Structure formats: structure tokens, C-alpha cells
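Undergrad: sequence below, structure please.
(one chain, ligands or ions: 1)
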Amino acid sequence: MSAFKDIPVDVGVIYEGQRIRRNDMHLELGGPSIKEKFELAVVKTPEQIEDGKITIVGPDLKDMEAGKSYPLGMFIEVAGPQLEPELEGVIERRIHAYSNFIEGFMHLNQRYDIWLRLSKKSFQKGLTSLNYIGKVLNILFKSELPIIKKMQITFITDKEKVKELYDKAMQIYETRDARARGLKDEEVDKFYGCALCQSFAPTHVCVITPQRYSNCGAISWFDCRAAASIDPKGPVFAIERGELIDQTKGEYVGVNEAVKKKSLGEITKVSLYTAFGHPHTSCGCFEGVAFFIPEVDGFGIVHRGYKDVTVNGLAFSTLADSTAGGRQIDGFHGISIEYMRSPRFLQADGGWNRVVWIPKEVKERVKNFIPADLVNKIATEENAKTIDELRAFLKEQNHPVVASWKEAAVVEATVPAEASEETAGVPVITASTLPLTAGGFKIILKDAKIYARKVIIRSAKDEKSEKR
Ligand code: SF4
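TA: Prediction:
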């Protein structure tokens, strides 16, 4: 593309979905080891913007040490007669898509969770300044969203400055999210879909309703409405809600049809307010994961920024691997923080009554939306680090899940060794897509049914007393 003749690397849609592994990375900006990072788009008046201006506050790419991680704040200011604040979230989310058009420049996640990597190869080709990134973004934004008439970009890599602006950015996100609260799903005829993450998860479609925020937490129903009206052929599209099939689970005829079409027939049914059966798919950009803990019949929740292992011994990255990829996995559910503030949050599974463990940091953020009588009954890492500790805590606090625990159950079901599929009874696991990891390989079983000769279900309590 001649518009990019001054850019030392190639720019194009073919690089969407690119991954840069640590061995191939020159350096990274943001990411899990950097606490403060953000990207923010703000609508301004034309007089406030010097079109095309790119400012770098702090060290540029060429001044940074290879192999290291650096803080980054990206501030995009736009102006245009049709631009309104409702579009800020949508413009901001496009940073992800357009950055990924740049050869050897990977962008993951959103808002305060961004993680960017520059490849060794692209750095060697001359991609040594954020100025080039700014130029590409400026061109792509204006050509893809012509309602943007003026744009200036500031990259902040100075650690102290990023820290200072991070808190302001967090306040702006919170104000935006709060703006979208109050409207109920049954009060609108249209929901919205977003297929922006299909470059990473080809069967994933986010269904965004007033009460089910996007998985990435970056786009509300109002943002989608604005986006679909200015760019009807873009990744955000309207979904006619259609007839209600199941109110508790949140299943609608129109949603099923739209998702089937956009996932190329892979996903045919979606229930919006549950993590079981046909849950909403998860791409990879989710802010957190709700993971079912069968030992206590409840959900744990972990956010991307949580560094330690969770109460079931698995880290966010492992749980995210089991959840992502545009699949519907029972009990592994990608969610946004804002969805946790919704009255529809996991409604069909018991909502907050079913949540048993959550990092303290997230609990603080959503505390005002947890029913008051439950707040102290939900454990954090300070109350429970293992399943045994969790069980004890829940019992002591008389958490609602405790009522569902069966007493001293030991069930053994034996199937003859020579049993065929027909005689083997009920399969132990059935799944339309079952991902496994073994010996360094990722194996995906489609339409899997796994049979066992013997099934032993034993309560953790019994196991403990047996060992004594
Ligand atoms: S997570 Fe969903 S809403 Fe957010 S960008 Fe991806 S597809 Fe769109």
C-alpha cells in the first residue's frame, strides 16, 4: 500500500492474528509484568487537535533495552462533526485491530490490560520508533472510519507519567461503564454482535446486550449502537433479538440465528446468562474467567492481572487456555468485570449465590454489586488458597452453595470390561469440542464421548478421613 511507503515494515490485514513468541520478541510494552498501562481514545473539539501530530513522552523503541518490558500509555484524541463520546470505546477497541495490521507488531487485550510485542525481525527492518506506529494508526483510522477528521496520538513510555495517567484512565473507563448501566435487556429490541476478535478466534462472536457487556469489557450496548450506525459494514452489527426461548438462560431466536451465521455454522445456540450448556463463546480478550469448581459446586473468578495461582491451583493463563478460542466449554467462561455488575450475571447458574472465590482486587471493584449478605461469604486469596481451605471457609460462613453439598457420597458404577459404546451406559464426558493438552501437543476432540469402565465419585471429606 503506497500510503505506507515510509513505514519500514509491511502493513496489511494478513498480519491480523499474528503471535510473537518470547524468543522472537525484541521487546514488549505493557503485558503481565507491567502493572500500569492503558490505551484511551477521547473525542475532542477540532480546535484541540493538531491533525497528524504524534508525540512520544519517554524513551522510544530504539532507546529501550532488548528483551525487556516497558510501561505504555496510548492516548488517541479524535475530532469530527459526527463523533460523539459514545464512540470512544469503539475507537479505542480498533487500536487492537489496526495495530495488528503492522508486520511484527502484536497487540493483545484492551484498556488497562494491553500487551504489545515488537518482533526482532521488524526491529531489524527499521521499526525502531513509535512514530511509525502512530503514522499507521492515523492512516488506518481515518480510512476505515472516515468520520474521524482529525487525530493526534501520544505515546507515553515514561514510567512515572504512565503511573500518573493510569488512575485518570481508570476513572474514565468507570464513568463510561456507569453510563451504560440501568437499561434492561427486555427494554430493547436490538442487541449487538461484535466479530472483531475473529482474527484470533474464528468462531467467536460477542453478543452485547444492555446487561451483558462485551467479554473484553471495552464496549457497551450504547457503544455498539453508535458503532453500527456509523459503520454498518464494520465488525459491530445489530442483532434483531427475536422471540425469547428461555428467559433465565437468556436464549433468543434472533441471537442464535445471528451467531450461527457469523460463526459460519459452528455455534448454533447461545445462552447469554449461563456458563453451562451453550454458554456465550470466549475469544481470548476477556477481562476475567469464571471457572467452575466441582468440589464445592461453585464458581471461582480470576482476572487477567492476577499473578498467583487460583484456589484450584491453576493460574489465569492456564484457565484462559481452557476457555479461549471461540468455543463453548462447560464451566469455563470468559467475562468482563462490568458483566459482574449486572443483575443478569450468571443468572441461570445462581448468580452471586454461586460465586465462592474471587481475587481481593476484583472483589473491591465490584463489591457494591454483590448482594450485601454475600460479600463476606465469598472467599478471596486471603481466606483460601486451596480447595480444602475454601471448603472450610464456605462452611464456616454458611455460603449458599453449602446447602447443595451431598453428605458422604461414595458412588461406584461398574461397566463390564468388554462393554461396547451401546452397552457402556452414559458417557462420562460429552462435548462438542474438547481441548486436551498432552505431551506438548494440543489435541481437540470434536463431538467427543468418553466412556469409563468404572466411575468413582467420592466426596473430598471422605477422602480426607480415609487418609488419616
Ligand atoms: S471481546 Fe468481543 S466485543 Fe470485545 S473486541 Fe472482541 S469480539 Fe468485540
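
Undergrad: need the contact list for Thr268.
TA: Taking Cβ atoms under 8 Å, 6 or more residues apart in numbering, we find Thr268 in contact with 256, 259-260. In short, each C-beta sits where N, CA and C put it, glycine included.

Undergrad: er, Lys159 I mean
TA: 58, 71.

Undergrad: offset the numbering so it begins at 35, please.
TA: Okay, using 35 as the starting number, the last item reads as Lys193.

Undergrad: now it: how far from Pro105?
TA: Distance, Lys193 to Pro105, by Cβ to Cβ, to the nearest Å: 5 Å.

Undergrad: for Lys341, same thing?
TA: Taking Cβ to Cβ as the measure, Lys341 and Pro105 are separated by 17 Å.

Undergrad: what does the average pLDDT come to for stretch 138-147?
TA: What stretch 138-147 shows for mean pLDDT is 95.

Undergrad: that stretch spans what distance, first to last residue?
TA: One end of stretch 138-147 sits 20 Å from the other (Cα to Cα, to the nearest Å).

Undergrad: looking at Lys341 and Pro105, which is more packed in?
TA: Ranked by neighbour count (other Cβ atoms under 10 Å), Lys341 and Pro105 place Pro105 first, with 22 against 10.

Undergrad: without its sequence neighbours, what residue ends up closest to the more buried one?
TA: Spatial nearest neighbour of Pro105, chain neighbours left out: Val196 (4.2 Å); criterion: Cβ to Cβ, 6 or more residues apart in numbering.

Undergrad: how about Ala203?
TA: Of all residues not flanking Ala203 in the chain, Phe72 sits nearest, at 4.1 Å (Cβ to Cβ, 6+ apart).

Undergrad: is it correct that that neighbour is in contact with Tyr146?
TA: Yes. With contacts counted by Cβ atoms under 8 Å, Phe72 reaches Tyr146, the gap being 5.0 Å.

Undergrad: phi, psi of the most centrally placed residue in the chain?
TA: What sits nearest the mean C-alpha location of the chain, by Cα atoms, centre = their mean, is Phe320, with 0.5 Å. The phi and psi values for Phe320, taken as degrees, to the nearest 10, are phi -60, psi 150.

Undergrad: residue contacts, it?
TA: Counting by Cβ under 8 Å, 6+ apart, Phe320 makes contact with 249-251, 338, 354, 357-358, 368-370.

Undergrad: can you check Gly64 too?
TA: For Gly64, the contacting residues are 71, 103, 105-106, 147-150, by Cβ under 8 Å, 6+ apart.

Undergrad: beta partners for it?
TA: Trp149 (DSSP bridges).

Undergrad: can you pull the pLDDT of it?
TA: Value for Gly64, per-residue pLDDT: 97.

Undergrad: do the same with the one 10 residues further on
TA: On pLDDT, Leu74 comes in at 97.

Undergrad: what's the per-residue pLDDT of the residue nearest to Pro105 here?
TA: For Val196, the pLDDT comes out at 97.

Undergrad: now it: which helix or strand?
TA: Here Val196, judged by DSSP states H and E, is contained in helix 193-213.

Undergrad: pLDDT value on the residue nearest to the centre of the chain, please?
TA: 94.

Undergrad: pick out the residue of the stretch 35-184 of the chain closest to the ligand.
TA: Arg127 (5.1 Å; Cβ to the nearest ligand atom).

Undergrad: what segments of the stretch 185-334 of the chain are helices?
TA: Per DSSP state H, counting those that start in this stretch, the stretch 185-334 of the chain carries helices over the ranges 193-213, 255-264, 287-296.

Undergrad: let's have the ones you listed in a markdown table, adding distance to the ligand.
TA: Below are these laid out as a markdown table (distance: least, Cβ to the nearest ligand atom, whole Å):
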| stretch | distance to the ligand |
| --- | --- |
| helix 193-213 | 14 |
| helix 255-264 | 8 |
| helix 287-296 | 10 |
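
Undergrad: quick one: closest of those helices to Leu348.
TA: helix 193-213 (27.3 Å; Cβ to Cβ).

Undergrad: ranking the helices of the stretch 185-334 of the chain by burial, who's on top?
TA: The highest mean neighbour count among those, using mean count of other Cβ atoms under 10 Å, belongs to helix 255-264: a mean of 21.

Undergrad: give me the distance between the two termini of stretch 259-277.
TA: Termini of stretch 259-277 sit 20 Å apart (Cα to Cα).

Undergrad: likewise for stretch 342-356?
TA: From its first residue to its last, stretch 342-356 covers 17 Å (Cα to Cα).

Undergrad: check which residues of that stretch are buried.
TA: The neighbour-count check on stretch 342-356 (16 or more other Cβ atoms under 10 Å) flags 343-346, 348, 350, 352-356 as buried.

Undergrad: sounds good, over and out.
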